[in-house]
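K.L.:
structure for this input, please:
(chains A and B)
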Amino acid sequence: MKRITSFLTLALVLFLGSCVKEGLNDFKPYNNNELNDTTWVKSIGNNANIFSLADSLFQKMYHVDSIDLTKDYNIELGDSLEIEIKGNTLVTETGLLQDGKAKFELIKILKKGDFIKVIRPNSSFGYPLETGGAFFIRITKNGKELFLAPGTSLKIKWTDIDAPKLNMQAYYGKEGFPLPNTVLDSAHNWIPDTDTSWLKPWVKNSGNITKRGYILESKKLRWISAHHVLMPTTKLTNIYGILPPNYTNKNTLVFAVFANTRTVLSLKSDFTSRSFTTGNVPIGTKMTLVAISKIGKDFYLGTKQVNDVGTIVNYSFTPEKKNLAQILSYLNSL
Amino acid sequence: MTDQSFDNFFKEKLKDHSAPVPEGLWEKIRPEKEKKPMGFVLPKHTGKGLIVAAVITGAIGIALNTGKSKNQSTESLNIPSEPNKTTNSLLIPIATQKDKNTAIYTSTPSDKQVPNSSTKMETFISKRNPDTYFISSPNTDVSNNQVSNTPPIGINNTIIPTSLENKQSFEDQIANYNSYHPSGNTIGLSNQSSFQQMGMVNKQLLANAHDKKFKAIIICPTVRGNSSSFNTDWGMEVYASPDYAFKSVSNINASAQYLNSKDSSEQMQVGYSAGIRLVKPLNDHFLLKTGIQYSQINQKFVYRNENEIKVTTVITARTIIRSPGDTILVSDTSVLQTIGYSVKNVKNRYRSIDIPLTLGYEFGNDDLRVGINAGVIFNVSSWYQGEMLDTAYQPVSINKASNSLYKTNIGMGLYSSISIQKRISENTHLFFEPYFRYNLKNMTSELSPYTQRFQVGGLAIGLRFNLNR
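P.N.:
Below you'll find the predicted structure:
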């Protein structure tokens, strides 16, 4: 009888034991998914997602025209931009004067969001600048890029979105060599023109509308801008943007968008602290930290309002999944 | 000296006399019991012949018995008598030397007969072989004034049930008769007063004895008087069973891809049944069973959810430099997202309450019996709980309240089983019953784009209790 009792007890235990694993969710991460890659790298490879992210933001919104290299040419974009190119001023890389037709490409960069989209933050040698606008001008003939001959220039007159500052100077964008294939250029830096004179602002009243802007005589093509160095009355400090482990220096770009000046800084990745940082930020600056990531095929956007630079220098925030249009729309609103 | 005083003289002299049991008698009997074959297995030498003879003679006996009235064809081994009038009697074994395997017992009154009291004689049945019984004086309310000088009845190779229930006709006659049995195969009756009546009665007794001889072989004697073929025992079975269900699905208007996905997401697992049954033996072999049982079919629903993001809170500590020479340690709490797939394991339960009704045939001996059962099983209620894939390949819950896919009653099914039972105590048997249940109807409703039904096999293990003891 004891055996029977033991047997029945065992059977009962087996029946009850069959209920143990019910409802369990066994989670297994994907091995090769980029979201699960939380590693930081000291040297970012060319296949990192930030390059494709930059290209996605850039959009390549060129204004394209055709010019006669032997004639003076005046390009107008509505009433907001005029570019005067004199004839016989464009030469090849080796200095040969060119004639005939050439392809003219222009990108106008005025808003803070535009500087993010072209990944050209407003800083020079690590110090923040305030911009009055920037342009990318490229003239090519038969696919080969032309340059302004020494001693020549082109004139850019544009309507600015803000009231012109008096201390704006011409800056040229330094690029990596060779030129990178993508818009993201880690070597980018705004270099002031040797002519440190201030740009001439202009004002034109047309009825009730007053248009104001700058006139810039550029001695170079490609990245041209009007900037001036911020001269803060306060001390400078470093700031850090801290993101969740999924957002690494391989897939994320972080910018600081100043609230009171037209200044956008790029926060470089700091491998040691696994964070994004920039220096020489005036204490008390109000800004918005913007993190844009591309993980796999997904885009993420994170923002953080900062009003107390100095008291706190590290800011944690978490990007959210967005589509590219949403991100571009946000950038256009800056 | 009257006849009565003569009888009293012998009774007085012989009342303390007992006949010694021959040495080795029990040793000869016990091995026979132990060697007793079970079921249809018969002894090599006599089994086949006896069974053939039993069938033939039994058929004749039944045929003869069919034409008799109830009053004429009753027999009983136990006729209850009034308790205050009963006295015990001695069973005196008489061993014959003709057959070493034969033990014959008869009863003789041991006490003086008390007026107006009857003597209830015990019945002793000794099995000589599986088909042969020796029965002595199973019956007999013998009145005080009807002392029977019946000599011991010794019968070899036959059965002599001496119980006669036809009391009204027989009690008047029994006083006038002394039945004796001089030889092994005959029954002789002597009439002391009227040979004419004795002849008639003798003829009737011979016929009765002839009938009962074969009935006792074919049909087990029962405790109830009027129906020799009806077993009054009742039993109860309590059992539990591990089950395994076999699912069969056929398509109506669902896509083949959906059915494949559904099928691959569902794995049948061991379920169980438990129930209680009443057992009504119709005779030694046939029995009816009915009761109620609870069944649960278990099914493992496995669903792989792709691109699931697992969020983990992490705390990181890092050193940052506010300005040259100003280093601080920053602790940060953030969330880590991990993408992967999750495997969802849900146990689906298909429960039902059923009423089985089966007819069984059993054979064997008291210790070990084998039976086959077949019948129907009526579903009282069914309900389900768990998850399944919908046509969008997403898991959806099914439960008792919101379920339009499955019926709440699946109707009737067929049931068959083989049982093996072993006696574990006087009134209790342990049985093992592998069974198979075939459901005749689908469990899915008309709204379902497919039909589904379960066929269930299992091994019922339980106890059978005899309720009559």
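
K.L.:
pick out the residue in the stretch 51-200 of chain A sitting closest to chain B.
P.N.:
A:Gly126 (13.0 Å; CB to the nearest CB). Quick note: C-beta positions are derived from backbone N, CA and C, even for glycine.

K.L.:
how about the helices of the stretch 201-334 of chain A, start to end?
P.N.:
For the stretch 201-334 of chain A, applying DSSP state H, counting those that start in this stretch gives helices covering A:324-332.

K.L.:
longest strand in chain A, please.
P.N.:
strand A:127-141 (DSSP state E).

K.L.:
coming back round to it: so what's the residue of the stretch 51-200 of chain A closest to chain B up against?
P.N.:
Going by CB atoms under 8 Å, 6 or more residues apart in numbering or on different chains, A:Gly126 touches A:278-280.

K.L.:
pull the distance from the helix or strand that the longest strand of chain A is followed by to the chain's centre.
P.N.:
Counting by DSSP states H and E, the next helix or strand C-terminal to strand A:127-141 is strand A:144-145. Computed by CA atoms, centre = their mean, to the nearest Å, the separation of strand A:144-145 from the middle of its chain amounts to 25 Å.

K.L.:
ok, and the closest non-adjacent residue to A:Asn323?
P.N.:
Once flanking residues are discounted, A:Asn323 sits nearest to A:Phe299: 6.2 Å by CB to CB, 6 or more residues apart in numbering or on different chains.

K.L.:
and that neighbour, how far from chain B?
P.N.:
15 Å (CB to the nearest CB, to the nearest Å).

K.L.:
ok, that residue touching A:Ile327?
P.N.:
Yes: at 5.7 Å, A:Phe299 counts as touching A:Ile327 under the criterion of CB atoms under 8 Å.

K.L.:
circling back: number of residues surrounding the residue nearest to A:Asn323?
P.N.:
22 (other CB atoms under 10 Å in any protein chain shown).

K.L.:
what do you get for B:Gly364?
P.N.:
That count, for B:Gly364 with other CB under 10 Å as the rule, works out to 18.

K.L.:
tell me which parts of the stretch 1-150 of chain B are close to chain A?
P.N.:
Nowhere does the stretch 1-150 of chain B come near chain A, counting by CB under 8 Å from any CB of the partner chain.

K.L.:
residue ranges in the stretch 1-150 of chain B under the pLDDT threshold?
P.N.:
The stretch 1-150 of chain B contains residues with pLDDT under 70 at B:1-4, B:17-150.

K.L.:
strands of the stretch 51-200 of chain A, start to end?
P.N.:
A:63-68, A:73-77, A:81-85, A:90-91, A:101-109, A:123-124, A:127-141, A:144-145, A:147-148, A:154-159, A:169-174, A:189-192, A:200-206 (DSSP state E, counting those that start in this stretch).

K.L.:
now distance to B:Leu414, mean pLDDT and mean neighbour count too, for those, in TSV please.
P.N.:
Shown next, in TSV, are the strands of the stretch 51-200 of chain A (distance: least, CB to CB, whole Å; pLDDT from 0 to 100; neighbours: other CB atoms under 10 Å in any protein chain shown):
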stretch	distance to B:Leu414	mean pLDDT	mean neighbour count
strand A:63-68	83	88	14
strand A:73-77	88	86	14
strand A:81-85	90	90	19
strand A:90-91	97	90	22
strand A:101-109	83	90	18
strand A:123-124	86	91	20
strand A:127-141	85	91	22
strand A:144-145	89	90	14
strand A:147-148	95	90	18
strand A:154-159	92	91	20
strand A:169-174	87	92	21
strand A:189-192	88	92	18
strand A:200-206	98	85	12
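
K.L.:
could you dump these to TSV with distance to A:Val309?
P.N.:
Listed next are those as TSV, based on distance: least, CB to CB, whole Å:
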stretch	distance to A:Val309
strand A:63-68	37
strand A:73-77	37
strand A:81-85	35
strand A:90-91	45
strand A:101-109	25
strand A:123-124	16
strand A:127-141	12
strand A:144-145	41
strand A:147-148	40
strand A:154-159	31
strand A:169-174	24
strand A:189-192	22
strand A:200-206	30
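
K.L.:
could you check the pLDDT of B:Ile159?
P.N.:
Per-residue pLDDT puts B:Ile159 at 39.

K.L.:
for chain A, give me its nearest residue in chain B.
P.N.:
Counting by CB to the nearest CB, chain B gets nearest chain A through B:Gly340, at 3.7 Å.

K.L.:
and for B:Ser255, the neighbour number?
P.N.:
So B:Ser255, with other CB under 10 Å, has 11 neighbours.

K.L.:
can you report phi and psi for it?
P.N.:
phi -80, psi 150 (degrees, to the nearest 10).

K.L.:
and A:Gly284, by the same measure?
P.N.:
phi 90, psi 0.

K.L.:
quick one: it from chain B, how far?
P.N.:
A:Gly284 is 14 Å from chain B, by CB to the nearest CB.

K.L.:
if I pick that residue, what's in contact with it?
P.N.:
Here A:Gly284 is in contact with A:234, A:308-310 (CB under 8 Å, 6+ apart).

K.L.:
please identify, among those residues, the one with the most neighbours.
P.N.:
Neighbour-wise, those (other CB under 10 Å) top out at A:Val309, 21 neighbours.

K.L.:
list the beta-bridge partners for that residue.
P.N.:
Listed beta-bridge partners, A:Val309: A:Ile312 (assigned using DSSP bridges).

K.L.:
separation between it and A:Tyr330?
P.N.:
22 Å (CB to CB, to the nearest Å).

K.L.:
surely A:Asp37 meets A:Pro245?
P.N.:
No: at 9.7 Å, A:Asp37 does not count as touching A:Pro245 under the criterion of CB under 8 Å.
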